[in-house]
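Enquirer: Build me a structure from this.
(chains A and B)
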Amino acid sequence: MSLFGTLSLATRSLATQRNGTEVAGHNLANVNTKGYSRQRVAIETSLAVAREMGPQGTGADAVGIYQLRDALVDRQIVNETGVRGAYESRQRALQFGQAALGQQIDRQASGAEGAAAASGVGSQHGIAEDISSLFNAMQSVSTTPTSVSERQVLAIKAQNLATKFNQVTERLGNLRTALNESLAGDVEQANIALEDIAKLNAQIIEAELGTGGKANDLRDARQQRIEDLATLVRIETTANTNGSVGIAIDGVPMVTGPIVNDTLEAYDAGGGQFLVRTLTGGTALNIASGSMQGTIDARDSDLVGLQADLDALAGTLISEVNAAHAAGFGLSGTTGANFFTGTDASDIAMNAALMDDPSLIQASGVAGAVGDNSVMVQMAQLADKKHAGLSGQTLLESYSQTVVALGQALNGTNAQLANQQIVESMLLRQRDSVSGVSLDEEMTDLIKFQRGFEASAKLITTIDEMLETVMNLKR
Amino acid sequence: MRVTANTFPNSLVNQLNTLSQRQNKLQEQAATGQLVKLPEDDPVAMRRVLDMQGEAKSVGQYERNIARHQELAVSSFNSIKSLKTISDKVRNVSISADGLKSDEELDIYAKEVSELIRTAVQAANAKNRGDYIFSGTASDQPPFVMTTDVNGNVTAVTYQGNATLAESEISSGVTLSAQSVGENTGGSGPRGLITDSRFGADFFNHMIAFQNNLLAHDTAAIAATDRVNLSQDEENFLYHLGTNSAVQSRLEAADAIAGNRTDTLEILVSNEVDADLAQTLVRLNQTQTAYQAALQSAGKILSSSLLDYLR
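Expert: The predicted structure is shown next:
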């Protein structure tokens, strides 16, 4: 090899070391970039030149830049992210449901007539408190059947309970609307992600076409968007030879290469229950996981069940109390009036006429006997009656069961989400250990390439001196 | 395992987040003294506590019902005692009104009996919180109405009430009445205070008959009939006093049972819900220490890197 050949070797070496420095710098710059995978420059020895003494090396070249990624971990993260998304949205919906119900235990509560609170067992808040208060007020009327003031207290307690039923139902209705809106928002986000993935596919295909290398940063960005999408809905991915990734939802191809085949749509499947379908498909997709599924599950299972339980409870209360009350007689001998109006938790109300004039409350079982309390005793004893329509439970037991069912669902979701976060955290750490940028490593690489660069520069200086020596031979 | 630049910060964030959540939970438990507050905290305990608190509220109401019954029982007892006192006086007069007494003396006795009838009607028409005690369930009507002749002698006392008692609960499914009806001539049901055909009690009519016999100076009829009849009335009053006392004892016992049940429920609810403050505070202290240790150790690790040694 001539001196000029060696000079050329040194120049290429200089470029190679500079490439290494650039890649280390790129890694350092992206140390905090979400979804970034560290890159490495691939350096290979240049082709040897055949010489009489044998093949002679010609230095080294940077032949490519590759990223360190574990496809298996990536795939698992996509799956687990969807599961986490489902639990998170379900947890959020159930927490709203719990707040809507407003049921909690307060051991330090005390009230004007809160005998239970005063005696130390605490207060319940929520509908449970009002159910107890209603039947206690009935008991008070039964001990003083001619008292208008006790009847007034009963009317107020009944109205309080009815209002509480109405409020909880309204809150649950608002929550259903909010969940439908959240579902629509998720669908919009998913459509944006699908579009982004298709665009990134196009860029990757173009960037990688003919170069033989990989568009690492674009692939990172696409992987990030795939994971974003998986948080919303369960997806199936297919890697193609041109570098693109196909996305399908419930078997329906949504993205093929650079093309978005279809988009998602939230639609009213009847009764205000929004579901998800493809724009061209027409039928609801089985989206299996992701926040969309969590929202639908919570809305159509737990919260619908909660509302149905409350409606059954209010309906039983209305029919049973009214059946007893209608047969009674008021202080002035009136009879036949219902105690409650309405049919379920949404429209239950205290009979306005009784509210305006509590003397019309029909406590007596005998016309003209104002001191008779047999009807009111019968009404008060409904508190302890097991109702067939409430699975053989009392009104309060049935309500407790409703509360427990919601608490159980939320408690279970909390535990499942905690477990899922541990799994996902482990996978993320695993990926980080493969793909994450280490400052120490990059700084070491930087020094390594800097030294290599200095050595290559020294080689040029040496060749230059040698050339000068050669030139001076003529003098 | 390879540790990268973000391994420490990510782990630290997770650890601090977990420790913060624990601190928040423990602080809330220390502040409220409760382990369980919301359904999600412990659904099973929540169910038990809701049921127990519901029962406690019912028991509290039964205690109030018992207090109301006790009030009525005391009012009834006082009225019956007054009637018994009147009965004693009338009997004394009937014993004094023998054949040795002059007609004038018998007329004076008749006047006295007439006044005692008036007093007895007044006692039998006693009220509690605006309701007549001895009218049965027709409690808005005075039970007894008296009529007199031009001379002021009582000619009749009629009963306006009924023979039905209003019972209310003193515990689940157990009803009771602390009242008595003024009259029962139906042959069944609660025993009448003034009149009961089954036991020969008819206090007002017996007193009126006695008054009339005194006015008629018929000491033989007084000895043969009135003393016997008045004796039956006295027996009836004694029965009612005894029954009232028994009801009061029963109410006291029911009140004690309700009080005991409340105490038991308090313990049971406490076992389910209450936090052990000492244990909670120790755990809070441990968590705070761990939080500080995490911050301190992470601070040391994060503050040093290869950059510190490069020039």
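Enquirer: residues in contact with the residue nearest to residue A:74 when sequence neighbours are not counted?
Expert: With CB to CB, 6 or more residues apart in numbering or on different chains as the criterion, residue A:74 has its nearest non-adjacent residue at 6.2 Å, and that residue is residue A:223. The way it works is simple: take the backbone N, C-alpha and C, and place the C-beta from them, glycine included. Applying CB atoms under 8 Å, 6 or more residues apart in numbering or on different chains, one finds that residue A:223 lies in contact with A:35, A:69, A:74.
Enquirer: where do the helices sit along the stretch 351-475 of chain A?
Expert: A:352-356, A:374-380, A:395-435, A:439-472 (DSSP state H, counting those that start in this stretch).
Enquirer: possible to save those helices as CSV with distance to residue B:293?
Expert: Output for the helices of the stretch 351-475 of chain A, formatted as CSV (distance: least, CB to CB, whole Å):
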stretch, distance to residue B:293
helix A:352-356, 62
helix A:374-380, 59
helix A:395-435, 20
helix A:439-472, 24
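Enquirer: which of those helices is buried the deepest?
Expert: helix A:374-380 (a mean of 26; mean count of other CB atoms under 10 Å in any protein chain shown).
Enquirer: out of the helices of the stretch 351-475 of chain A, which comes closest to residue A:368?
Expert: With distances scored as CB to CB, the stretch of the helices of the stretch 351-475 of chain A nearest to residue A:368 is helix A:374-380 (13.5 Å).
Enquirer: Which strands and helices lie in contact with that closest one?
Expert: Packed against helix A:374-380, as judged by 3 or more CB pairs under 8 Å, 6 or more residues apart in numbering or on different chains; DSSP states H and E, are the following elements: helix A:126-143, helix A:304-326, strand B:168-171.
Enquirer: of all those, which lies closest to residue B:142?
Expert: Residue B:142 sits nearest to helix A:126-143 of all the helices and strands packed on helix A:374-380, at 21.7 Å, using CB to CB.
Enquirer: Restricting to C-alpha, output that closest one in PDB.
Expert: Taking only C-alpha atoms (Å, rounded to 0.1, in the frame of the first residue of the first chain), the coordinates of helix A:126-143 have been written out as PDB:
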ATOM      1  CA  GLY A 126     -75.600   7.100  51.700                       C
ATOM      2  CA  ILE A 127     -78.900   5.200  51.100                       C
ATOM      3  CA  ALA A 128     -78.300   2.800  53.900                       C
ATOM      4  CA  GLU A 129     -78.600   5.600  56.500                       C
ATOM      5  CA  ASP A 130     -81.800   6.900  54.900                       C
ATOM      6  CA  ILE A 131     -83.400   3.400  54.700                       C
ATOM      7  CA  SER A 132     -82.800   3.000  58.500                       C
ATOM      8  CA  SER A 133     -84.100   6.500  59.200                       C
ATOM      9  CA  LEU A 134     -87.300   5.900  57.200                       C
ATOM     10  CA  PHE A 135     -88.200   2.700  59.100                       C
ATOM     11  CA  ASN A 136     -87.200   4.300  62.500                       C
ATOM     12  CA  ALA A 137     -89.500   7.200  61.700                       C
ATOM     13  CA  MET A 138     -92.300   4.700  61.000                       C
ATOM     14  CA  GLN A 139     -91.600   3.100  64.400                       C
ATOM     15  CA  SER A 140     -91.900   6.500  66.000                       C
ATOM     16  CA  VAL A 141     -95.200   7.100  64.400                       C
ATOM     17  CA  SER A 142     -96.400   3.700  65.500                       C
ATOM     18  CA  THR A 143     -95.600   4.600  69.200                       C
END
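Enquirer: follow-up on the earlier one: I'd like to know which of the helices and strands packed on helix A:374-380 lies nearest to residue A:452.
Expert: Evaluated over the helices and strands packed on helix A:374-380, closeness to residue A:452 peaks at helix A:304-326, with 67.3 Å, by CB to CB.
Enquirer: quick one: that closest one to chain centroid distance?
Expert: 34 Å (CA atoms, centre = their mean, to the nearest Å).
Enquirer: Do it and chain B come into contact?
Expert: No: with CB under 8 Å from any CB of the partner chain as the criterion, chain B is not reached by helix A:304-326; the gap is at least 10.9 Å.
Enquirer: on contacts alone, who are the packing partners of the helix or strand following that helix?
Expert: Per DSSP states H and E, the first helix or strand lying C-terminal to helix A:304-326 is strand A:340-341. The criterion is 3+ CB pairs under 8 Å, 6+ apart, and the helices and strands that strand A:340-341 contacts are helix A:304-326, strand A:349-350.
Enquirer: ok, back up a step: shouldn't the residue nearest to residue A:74 be within a helix?
Expert: Yes: according to DSSP: H, G, I helix; E, B strand; the rest coil, residue A:223 belongs to a helix.
Enquirer: residue closest to the middle of chain B?
Expert: Central residue check for chain B by CA atoms, centre = their mean: the C-alpha nearest the mean position is that of residue B:66, 1.2 Å away.
Enquirer: quick one: the strands in the stretch 151-300 of chain A?
Expert: Under the criterion DSSP state E, counting those that start in this stretch, the stretch 151-300 of chain A carries strands at the ranges A:236-239, A:245-249, A:252-256, A:259-260, A:264-268, A:274-278.
Enquirer: Now mean neighbour count and distance to residue A:206 too, for the ones you listed, in TSV please.
Expert: Converted to TSV, the strands of the stretch 151-300 of chain A look like this (neighbours: other CB atoms under 10 Å in any protein chain shown; distance: least, CB to CB, whole Å):
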stretch	mean neighbour count	distance to residue A:206
strand A:236-239	14	17
strand A:245-249	22	15
strand A:252-256	21	16
strand A:259-260	16	14
strand A:264-268	18	27
strand A:274-278	22	27
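Enquirer: Let's have the ones you listed in TSV, adding mean pLDDT and distance to chain B.
Expert: Shown next, in TSV, are the strands of the stretch 151-300 of chain A (pLDDT from 0 to 100; distance: least, CB to the nearest CB, whole Å):
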stretch	mean pLDDT	distance to chain B
strand A:236-239	94	25
strand A:245-249	96	25
strand A:252-256	96	30
strand A:259-260	96	33
strand A:264-268	94	28
strand A:274-278	94	26
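Enquirer: Please see if stretch A:84-100 touches chain B.
Expert: Yes: figure legend: stretch A:84-100 in contact with chain B (CB under 8 Å from any CB); contacting residues A:94, A:95, A:98.
Enquirer: quick one, what contacts the closest residue to chain B within the stretch 201-350 of chain A?
Expert: Closest contact between the stretch 201-350 of chain A and chain B, by CB to the nearest CB, is at residue A:331 (8.3 Å). The contact partners of residue A:331, taken as CB under 8 Å, 6+ apart, are A:146, A:148, A:359, A:360, A:364, A:370.
Enquirer: Also near chain B: which of the residues you listed, exactly?
Expert: Those of the contacts of residue A:331 which are also neighbours of chain B are A:146, A:364, A:370, as judged by CB under 8 Å from any CB.
Enquirer: ok, so what distance separates the second one from residue A:85?
Expert: This points to residue A:364. 61 Å (CB to CB, to the nearest Å).
Enquirer: which helix is the longest one in the chain?
Expert: The chain I'm using is chain A. Assignment by DSSP state H gives helix A:148-208 as the longest helix of chain A.
Enquirer: Chain B is the one I meant
Expert: Secondary structure assigned by DSSP H gives helix B:43-96 as the longest helix of chain B.
Enquirer: by contact count, what packs against that helix?
Expert: Using 3+ CB pairs under 8 Å, 6+ apart as the contact criterion, the secondary-structure elements in contact with helix B:43-96 are helix A:115-118, helix A:126-143, helix A:395-435, helix B:103-124, strand B:127-128, strand B:168-171, helix B:203-215, helix B:227-273.
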